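> Can you look at this prediction? I've put the sequence above it.
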Amino acid sequence: MRVRFWGVRGSIAAPGAETARYGGNTSCVEVQLPGGDPIVFDMGTGARVLGRELLQRPERAVQVFISHFHMDHVFGFPFFAPAFAPSFKVSVSSPAFGGEATRDRLGRYLNGLLHPLRMPDLPAPIEYGAVRPGRPVQVGEATVTPTQLVHPGGACGYVVEGGGRKVAYLTDSGPLSRPGEGLSGNLAPNSRERELIRLLRGADLVAMDTMFTESEYMEKLNWGHGYPEYSAALCRAAEVKTLALFHHSPDAEDDDLDRLSERWAGGIDGMKVILAREGADVDLEG
Ligand SMILES: [Zn+2]
Ligand SMILES: [Zn+2]
């Protein structure tokens with residue numbers, strides 16, 4: 001299984017010399033099993049670059065899962081080249097009651113006003129689906145389990161299992177417990193945390209929203225973003241092997257992220273902690 005980060009930034013793309021090393025594109029992560037079609041999480045601005053590359057590869061199908069419809073997670077959709085390639089089978093699913101709802105939500109963006117195209121203008125045959133938290137879906141050899149996160153308007157995280165490996169994409173989300181409670185208070189996990197820990201148990205890699213520092217989180221409790229110490233506590237409890245800090249603040253410059261990376265360089269209790277970086281691959285054998 002291979003995981004590649006095409007966009008690691010949160011909220012708004014942050015191009016420029018100060019963000020060149022970690023990358024300025026917003027959320028887009030690709031997971032691929034050997035011989036399988038690519039599975040893509042979110043269509044942030046990173047999807048534009050991914051789309052160009054997909055046209056060069058032999059596979060002619062791609063499954064996209066959207067976490068939620070905030071612009072930093074869908075802006076890249078009408079710039080995703082496979083959606084314009086009639087030879088490509090593109091499937092897009094989101095947490096919704098049905099495929100029509102996924103299509104309608106993207107249609108609010110592709111409506112001729114916010115973007116010059118309208119949904120019917122897309123030439124490729126796109127299939128729209130819906131996911132429900134806790135109900136796994138099969139994509140080739142991979143099982144993808146959606147899970148409810150903590151975010152204004154709701155957001156879904158996804159756990160992918162296949163080829164003996166497990167990875168998770170968990171953004172955007174605040175902690176699953178309130179300050180002073182559950183893992184947030186260094187106490188025993190609450191019921192929601194226990195449920196997510198069960199789902200993540202033994203994962204090889206978890207990419208998780210850590211846009212804030214703990215003190216920023218305390219000032220913005222309802223914004224639906226997390227911080228590294230909480231994500232590390234949750235992943236440790238689930239015996240995760242590697243935590244990738246993800247959804248970096250647009251204001252975090254490379255030097256800031258280097259400092260964050262150094263602070264976590266030793267990992268914690270045997271768990272590796274890395275920073276998601278645009279263009280980086282994580283290869284997991286199997
Ligand atoms: Zn976001
Ligand atoms: Zn969001």
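Okay, I see it. Ligands and ions are numbered 1, 2, ... in the order given.
> And the residue nearest the centre of the chain, how far from residue 219?
Residue closest to the mean C-alpha point of the chain, counted by Cα atoms, centre = their mean, is residue 169 at 4.4 Å. With the distance defined as Cβ to Cβ, to the nearest Å, residue 169 ends up 26 Å from residue 219. All C-beta spots, glycine's among them, are computed from the backbone N, C-alpha and C.
> Quickly list what the residue nearest to the centre of the chain is bridged to.
Residue 169 has the following beta-bridge partners by DSSP bridges: residue 158, residue 207.
> Nearest to ligand 1: which residue in the stretch 151-286 of the chain?
Of all residues in the stretch 151-286 of the chain, residue 172 sits closest to ligand 1, at 4.3 Å by Cβ to the ion.
> Distance check, that residue against residue 182.
Following Cβ to Cβ, the distance that separates residue 172 from residue 182 is 19 Å.
> More neighbours: which of the two?
In this view residue 172 and residue 182 are compared by other Cβ atoms under 10 Å, and residue 172 has more residues nearby, 28 against 22.
> for the more buried one, what are its contacts?
Residue 172 makes contact with 10, 67-68, 70, 73, 149, 151, 155, 209, 211, 224-225, 247 under the criterion Cβ atoms under 8 Å, 6 or more residues apart in numbering.
> Equivalent analysis for residue 20, please.
Contacts for residue 20 (Cβ under 8 Å, 6+ apart) come out as residue 254.
> for residue 247, same thing?
If a contact means Cβ under 8 Å, 6+ apart, then residue 247 has 8, 9, 10, 27, 171, 172, 209, 210, 211, 225 as its contacts.
> go again using 10 Å as the cut-off
The neighbours of residue 247, taking Cβ atoms under 10 Å, 6 or more residues apart in numbering as the test, are 7-11, 26-27, 42, 44, 72-73, 170-173, 207-212, 225-226, 276.
> Okay, strands next: where are they in the stretch 51-200 of the chain?
When assigned using DSSP state E, counting those that start in this stretch, the strands of the stretch 51-200 of the chain occupy the ranges 61-65, 89-95, 126-131, 137-139, 142-148, 156-162, 165-170.
> so which of those strands comes closest to residue 280?
Put simply, out of the strands of the stretch 51-200 of the chain the one that sits nearest residue 280 is strand 165-170, at 13.8 Å, with distance taken as Cβ to Cβ.
> now could you export just the CA positions of that closest one as CSV?
In CSV, the C-alpha atoms belonging to strand 165-170 read as follows (Å, rounded to 0.1, in the frame of the first residue of the first chain):
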residue,chain,number,x,y,z
ARG,A,165,-2.2,-2.8,6.0
LYS,A,166,-4.4,-0.1,7.6
VAL,A,167,-4.2,3.7,7.1
ALA,A,168,-6.6,6.5,8.1
TYR,A,169,-7.4,10.0,6.9
LEU,A,170,-8.9,12.0,9.7
